[in-house]
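# I would like the atomic coordinates for the input below:
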Amino acid sequence: MPTFFAEQFAMRDDIVLLVGRLLLAWISLHEGAFLLANYSASSAGMAKMGVPAFTLPLVIALQLTPEKTPEKTLDERFQNSNHYRRSKLDFGRF
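Numbers count the residues shown, from 1 in each chain. Sure, this is the predicted structure:
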């Protein structure tokens, strides 16, 4: 019984983390595509704020480059967390 609840929590956490990562990726891709589509307006806006023009391609490249994936899987991180250890202790009483 304890592993069932731990697996349910882990699966829910995995889904929430996946949705969060997809939303963050969407924000980054959307902003990068917007800067690329409106390059001259973006360059003028950056120049108005005193940012050098050569940084705009770097900003666009940074936003369109995928993030490095984590070394540990979500299950490994969950099992090493305090929440997992507490849940094992709590379920052990029943």
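# looking just at contacts, which helices and strands does the longest helix seen in the chain meet?
When the chain is parsed with DSSP state H, its longest helix is helix 2-37. Applying 3 or more Cβ pairs under 8 Å, 6 or more residues apart in numbering; DSSP states H and E, we find helix 2-37 packed against helix 55-64, helix 74-80, helix 82-92. To be clear about C-beta, it is placed using only N, CA and C from the backbone, and glycine gets the same treatment.
# between those helices, which gets the lowest average pLDDT?
Here the helices and strands packed on helix 2-37 differ in mean pLDDT, and the lowest is helix 82-92 at a mean of 53.
# Quick check: buried residues in the helix or strand that the longest helix of the chain is followed by?
The helix or strand immediately downstream of helix 2-37 is helix 39-48, counting by DSSP states H and E. Residues 42, 43, 46 are the ones in helix 39-48 that count as buried (16 or more other Cβ atoms under 10 Å).
# Okay, buried residues for the longest helix of the chain please.
Buried residues in helix 2-37 (16+ other Cβ under 10 Å): 6, 10, 13, 28, 32, 35.
# Check those against residue 51 and report the nearest one.
Nearest to residue 51 among the buried residues of helix 2-37: residue 35, at 12.4 Å, using Cβ to Cβ.
# Make sure the closest one is actually in contact with residue 62.
No: Residue 35 lies out of contact with residue 62 (Cβ atoms under 8 Å); the separation is 10.4 Å.
# where does the chain have low pLDDT?
Where the chain drops to pLDDT under 70, the residues are 1-6, 67-94.
# Skipping adjacent residues, who's closest to residue 29 in space?
Leaving out its chain neighbours, the residue that sits closest to residue 29 by Cβ to Cβ, 6 or more residues apart in numbering is residue 64, at 6.8 Å.
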